[in-house]
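sequence and predicted structure, then a few things I'm wondering about:
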Amino acid sequence: MLRFLLAITLGAVAGEAAAGCNKELLNIEGWSAKSMAERRVEVSMDLSSSAPKPIRIIEALVYFRDALDGDIGELPVERDAHIPVGGNYTRLVKPAPAHFDRLLKLRKQDVKTHVCVFAVLYEDGTKEKF
């Protein structure tokens, strides 16, 4: 019975965390990873906006997972990124955290990505939190 209650509680908490972001506002169009010195990795991400207004400040993460849904990690979108309506934005993370060296070993088709936007400030001063 205790295991059942624990499973329900964990499911409810996980559902609340998933409901706290917008996965439609930004889309990842592509990414690349290249090796740097001392086992470090440089990751570049190309994002496109489907926001109704230009973005002035954003709180968002790009998640990377493998084909078996194993966590590779997440990288932040630059907080002060200015992203136009329908525009593109490229984020270069140099160096990325050490565990991102998996991106050098995996096939691109074996890596799944998604963007989770938690809050946004539009150019006109309106805010949205998800």
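Great, that's in hand. Numbering: from 1, shown residues only.

what is the burial count for Glu78?
By other Cβ atoms under 10 Å, the residues close to Glu78 number 16. The way it works is simple: take the backbone N, C-alpha and C, and place the C-beta from them, glycine included.

give me the number of residues near the nearest residue to it once chain neighbours are set aside?
In space, and not counting its chain neighbours, Glu78 is closest to Arg91: 5.7 Å by Cβ to Cβ, 6 or more residues apart in numbering. If you count neighbours by other Cβ under 10 Å, Arg91 ends up with 18.

does Arg91 count as helix, strand or coil?
Three-state assignment for Arg91 (DSSP: H, G, I helix; E, B strand; the rest coil): strand.

which ones are touching it?
44-45, 47, 62, 75, 77-78, 81 (Cβ atoms under 8 Å, 6 or more residues apart in numbering).

how about a cut-off of 10 Å?
28, 31, 43-47, 60, 62, 75-78, 81 (Cβ atoms under 10 Å, 6 or more residues apart in numbering).

give me the buried subset of these.
28, 31, 43, 45, 47, 60, 62, 75, 77-78, 81 (16 or more other Cβ atoms under 10 Å).

isn't Asp124 up against Lys53?
Yes - counting by Cβ atoms under 10 Å, Lys53 is a contact partner of Asp124 at 6.0 Å.
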